[in-house]
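K.L.:
Got a sequence here, can you model it:
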Amino acid sequence: MDHLRDLTSAILACEDDPVLRAAPLANWEQALAICQRLAQSGPLLVILDEYQYVAEADPTLASQLQRWWSRDVGTLPIYLILCGSCIRFFVQNVLTGPAYGRNTGSWQLRPLGYRQAAAFFPAWSHDDHIRAYAVTGGMPHYILQFDPARSLEWNIVHRVLQRGTVLYQEAELVVREELREPRLYFSILRAIADGCTRASEIASRVGSRSDTTPYLKTLQSLDFVTYSEPLLGKKRRGIWAIADPYLRFWFHFVYPHLSQLEHGASPERIYRDLVVPNLDHFVSKPAFEEICRAWVISAANTGDLGQFGEVGAWWGPIPHPLPTNPHNQIEGEIEVVAVRGKHLVLAGEAKWKREPIGFGVLNHLREIVAHVPGADKDTQLILFGRTFDPKLQTAAAAEGVKLVTVDDLYA
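P.N.:
Okay, here's the model as predicted:
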């Protein structure tokens, strides 16, 4: 009934109706009839936000909407938008079922990019913009929980680690809303947050005797996790990662310490002793790498880096001979790669470090690139970092190696 009362208020705001004022909408049949009447006078936009709650409160609503749309309003200038935050519900009950085939558009809204997210905190440094993005990601609801007049430290302590705040419990509520039996899913998400990226590692960590792949696939369908493979070379086992930065932060820094926080541990102490020593390492992978890949895509769209097809990462075996084993190999990785067909157009290292980046990082990149399929003399080398050694800057300019600072990322 709350939804019908809200709709009554919305209708009265558009058109005063003494009868409706005296007797608010009693059912959806009456509500749809009034919307139909309003549309006869001109174009009408009807938005049912958080539709999943409305439909769960009245299981007949989907069928009523289907009949109303097909039988009564097909020729009227009416625009109906069903929106909500429960992905599983929309996949199972809106994109299929009575509404299937009647939609004229289907949009899944994506989070804001790192640049757009930074605009909410104009007084902060770009270093803190990146740290904040690693904590909240690009979800407007999460970003709006932070106070831009306060420091990043204050916000993490009082808006994430403090009991009773939205971001203290949001991750748990989101997972429980989407998943009916969340215990194993919680364990899987924590395992990934702690660095387990292979399905076998995740299964071992959570102590599951059964294959965890179906559970990972479910999490992937809900955009909780992503699965990625190296862009070039032979097909290799991919890696799993938590998709949303806020969920990554929560499962890495909040979930393991919930018991302490629930029993009165000081959020300030948790932040000082457990978050601060590990925050920049947490930011470095994968948040900073994702930001650098997003910058490459943006630069390509503006024509600054040429044209290519995909942007991602590469990992694979590279030679590392030992005195006892000249054929020894180790796993090499390049955090930022762009490819066109089978050609490696761009290869980059993304290093979130306090100290200036020097020749060691560039030489390491060159060593790995030499073993990546599709690399050649035209492959653009690029380094991302907070600061660079002056000697490296001089050499990079002479050799055509591109250096991108944090300020460049936001330029």
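
K.L.:
could you point out which element follows the lowest-mean-pLDDT helix or strand in the chain?
P.N.:
Using mean pLDDT, DSSP states H and E, the weakest-scoring helix or strand in the chain turns out to be helix 87-93, at a mean of 78. Later in the chain than helix 87-93, the nearest helix or strand by DSSP states H and E is helix 114-118.

K.L.:
what sits up against that following helix?
P.N.:
124, 126, 129-130, 132-133, 136-138, 143, 291, 294, 409-410 (Cβ atoms under 8 Å, 6 or more residues apart in numbering). Heads up, the C-betas are built off the backbone N, CA and C, glycines and all.

K.L.:
Packing partners of the one helix or strand Gly316 maps to?
P.N.:
In this structure, Gly316 is located in strand 310-319 according to DSSP H and E. For strand 310-319, the elements it packs on are helix 289-301, strand 329-340, judged by 3 or more Cβ pairs under 8 Å, 6 or more residues apart in numbering; DSSP states H and E.

K.L.:
list the buried ones in the shortest one?
P.N.:
With burial defined by 16 or more other Cβ atoms under 10 Å, the residues of strand 329-340 counted as buried are 332, 334-339.

K.L.:
and the residue nearest to Ser85 when sequence neighbours are not counted, what is it in contact with?
P.N.:
Excluding the flanking residues, the one nearest Ser85 by Cβ to Cβ, 6 or more residues apart in numbering is Glu50, at 6.7 Å. Contacts for Glu50 were tallied using Cβ under 8 Å, 6+ apart; they are 83-85.

K.L.:
Does Asp16 belong to a helix, a strand or coil?
P.N.:
Under DSSP: H, G, I helix; E, B strand; the rest coil, the three-state class of Asp16 is coil.

K.L.:
Now do the same for it: its pLDDT.
P.N.:
We have a pLDDT of 83 for Asp16.

K.L.:
burial measure for it, as a count.
P.N.:
Residues near Asp16, counting by other Cβ atoms under 10 Å, number 9.

K.L.:
Okay, it and Asp58: tell me how far apart.
P.N.:
Distance, Asp16 to Asp58, using Cβ to Cβ, to the nearest Å: 27 Å.

K.L.:
for Glu172, same thing?
P.N.:
Distance from Glu172 to Asp58, by Cβ to Cβ: 28 Å.

K.L.:
got it, and Thr379?
P.N.:
59 Å.

K.L.:
between the two, who's got more neighbours?
P.N.:
Thr379 (18 against 14).

K.L.:
which ones are touching the more buried one?
P.N.:
Thr379 is in contact with 344-347, 369, counting by Cβ under 8 Å, 6+ apart.

K.L.:
Kindly recompute the last result at 10 Å.
P.N.:
If a contact means Cβ atoms under 10 Å, 6 or more residues apart in numbering, then Thr379 has 337-338, 343-347, 369-370, 372 as its contacts.

K.L.:
What is the nearest of the residues you listed to Ile34?
P.N.:
Ala338 (54.0 Å; Cβ to Cβ).

K.L.:
where along the chain do the strands fall?
P.N.:
Ranges of strands within the chain are 44-48, 78-82, 225-228, 239-242, 310-319, 329-340, 343-351, 380-385, 402-404, based on DSSP state E.

K.L.:
nearest to Ser200, of those strands?
P.N.:
The nearest among the strands of the chain, by Cβ to Cβ, is strand 239-242 at 10.9 Å.

K.L.:
That closest one pairs with which strands?
P.N.:
Applying DSSP bridges to the sheet, strand 239-242 is found paired with strand 225-228 (antiparallel).

K.L.:
gap between the residue nearest to Asp280 when sequence neighbours are not counted and Gly105?
P.N.:
Sequence neighbours aside, Trp352 is the residue nearest to Asp280 in space, at 6.2 Å (criterion: Cβ to Cβ, 6+ apart). The gap separating Trp352 from Gly105 is 39 Å, by Cβ to Cβ.

K.L.:
the more surrounded of the two?
P.N.:
Neighbour count, other Cβ under 10 Å: between Trp352 and Gly105, Trp352 has more, with 23 against 5.
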